[in-house]
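> A structural model of the following input is requested.
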Amino acid sequence: MPPAPYTLILLGEVDIRGPGGSAGDLCVQSKVVALLARLSLPTVGRFVRRDTLVGLLWPELDDARARGALRKAVHAIRAVMGADALQGRGDEELALAPDHVSCDADGFRQAADEGLLMQALRLYRGELMPGFHLAGCAEFDRWLEDERHALAERAAGAAWALAQRYESDNQLSDAAGMARNAIRFSWSDERALRRALTMLDRLGDRAGAARLFDEFARRLRTDLDVEPSGDTMQLMARIRAGGATTEKQGP
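Model prediction:
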């Protein structure tokens with residue numbers, strides 16, 4: 001199948017790219033971008049009910065006006081990306097046409113699920129729709145945050161699986177780099193941090209372990225105003241003192 005003529009970029013930035021370059025007219029319309037994102041995740045081509053879409057994107061409007069706003073957004077998409085970009089199923093469901101529109105986040109998810117870990121990580125250039133927010137659309141913001149978390153966790157899992165594979169193959173530098181990436185993709189899991197610190201110590205990269213711990217601790221203080229747990233602090237103290245463990249740990 002030839003590649004889709006339009007690509008929705010949602011990882012690390014927000015852009016819509018087509019045969020003529022960036023579709024800037026759509027990118028500046030936040031509700032249109034949000035609609036495209038919701039139709040792209042978790043899978044391009046999956047039908048979504050119109051009442052779901054209007055509830056997410058136009059909660060402040062009554063049903064008739066909200067559906068009118070959705071029709072205008074659909075018209076804007078088709079005017080730029082072509083009439084075939086969106087498919088309808090009856091009067092109540094919409095989907096993006098997979099042969100007309102692709103999405104990097106959907107491509108990342110598929111590659112990770114198929115075990116194509118390096119391909120997946122090449123697609124994961126940053127968090128989903130960084131900085132994107134719809135005022136007055138709390139349900140959409142909750143949906144977006146859930147999707148951000150799920151994709152970041154998937155990226156962290158792919159990086160950790162590669163780290164273990166590289167260590168098994170005695171590619172120690174690559175293993176250390178992937179262990180660090182696994183944590184930088186997801187900053188909320190101290191158990192995963194301790195696992196990565198232990199691997200870095202086992203690989204002899206204690207300086208890298210210290211840098212990763214310090215970076216993690218700064219993020220915790222900045223984002224959550226908390227310190228690392230006692231278990232994590234004790235592990236780091238043992239690493240700084242000369243090594244925590246040489247035993248290879250499982251996932």
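> Every contact and neighbour count from this point should use C-alpha atoms.
Will do.
> Can you tell me the element the residue nearest the centre of the chain falls in?
The residue lying closest to the centre of the chain (CA atoms, centre = their mean) is residue 151, at 3.6 Å. Using DSSP states H and E, residue 151 maps to helix 138-168.
> and the closest residue to residue 153 other than its chain neighbours, what pLDDT?
Closest residue to residue 153 apart from its sequence neighbours, by CA to CA, 6 or more residues apart in numbering: residue 186 at 6.2 Å. With respect to pLDDT, residue 186 scores 84.
> measure residue 186 to residue 149 for me?
8 Å (CA to CA, to the nearest Å).
> neighbours of residue 84, just the number please.
When counting by other CA atoms under 10 Å, one arrives at 13 neighbours for residue 84.
> Next up, the contacts around the residue nearest to the centre of the chain.
105, 109, 127-128 (CA atoms under 8 Å, 6 or more residues apart in numbering).
> Name the member of those that has the highest neighbour count.
Going by other CA under 10 Å, residue 105 tops these with 28 neighbours.
> tell me the SS of it?
Secondary structure, DSSP: H, G, I helix; E, B strand; the rest coil: residue 105 is helix.
> low pLDDT regions in this structure?
1, 243-251 (pLDDT under 70).
> quick revisit: widest-spaced pair of the contacts of residue 151?
Greatest spacing in the contacts of residue 151, by CA to CA: 109 and 127 (13.1 Å).
> Would you verify that residue 71 is located in a strand?
No: per three-state DSSP, residue 71 lies outside any strand segment and is helix.
> how about the helices in the stretch 151-251 of the chain?
Under the criterion DSSP state H, counting those that start in this stretch, the stretch 151-251 of the chain carries helices at the ranges 172-184, 190-202, 206-224, 230-241.
> tell me the angle the shortest one makes with helix 190-202.
What it means is helix 230-241. Put simply, helix 230-241 runs at 10 degrees to helix 190-202, going by axes from the mean of the first three to the mean of the last three CA atoms, to 10 degrees.
> Could you check how far helix 230-241 is from the centre of its chain?
The chain centre lies 30 Å from the centre of helix 230-241; the measure is CA atoms, centre = their mean, to the nearest Å.
> And that helix, what's buried?
Of all the residues in helix 230-241, those buried under the rule 16 or more other CA atoms under 10 Å are 232, 235-236, 239.
> go on, the longest one?
Of the residues in helix 206-224, 206, 208-210, 212-213, 216-220 count as buried by neighbour count, 16+ other CA under 10 Å.
> from those, which is closest to residue 5?
residue 219 (39.2 Å).
> Can you tell me the closest non-neighbouring residue to the closest one?
residue 187 is the one closest to residue 219 (CA to CA, 6+ apart), at 7.6 Å.
> Which among the helices of the stretch 151-251 of the chain is found nearest to residue 44?
Comparison of the helices of the stretch 151-251 of the chain against residue 44 by CA to CA identifies helix 172-184 as nearest, at 26.2 Å.
> what's near enough to touch residue 140?
Counted by CA under 8 Å, 6+ apart, residue 140 has contacts 56-57, 134.
> ditto for residue 175
162-167.
> now those in a markdown table, with distance to residue 193 and neighbour count?
Compiled in a markdown table, the contacts of residue 175 are given as follows (distance: CA to CA, whole Å; neighbours: other CA atoms under 10 Å):
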| residue | distance to residue 193 | neighbour count |
| --- | --- | --- |
| 162 | 16 | 20 |
| 163 | 13 | 26 |
| 164 | 14 | 23 |
| 165 | 18 | 15 |
| 166 | 18 | 19 |
| 167 | 17 | 20 |
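> Including distance to residue 12, could those go into CSV?
Output for these, formatted as CSV (distance: CA to CA, whole Å):
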residue, distance to residue 12
162, 21
163, 22
164, 26
165, 26
166, 26
167, 28
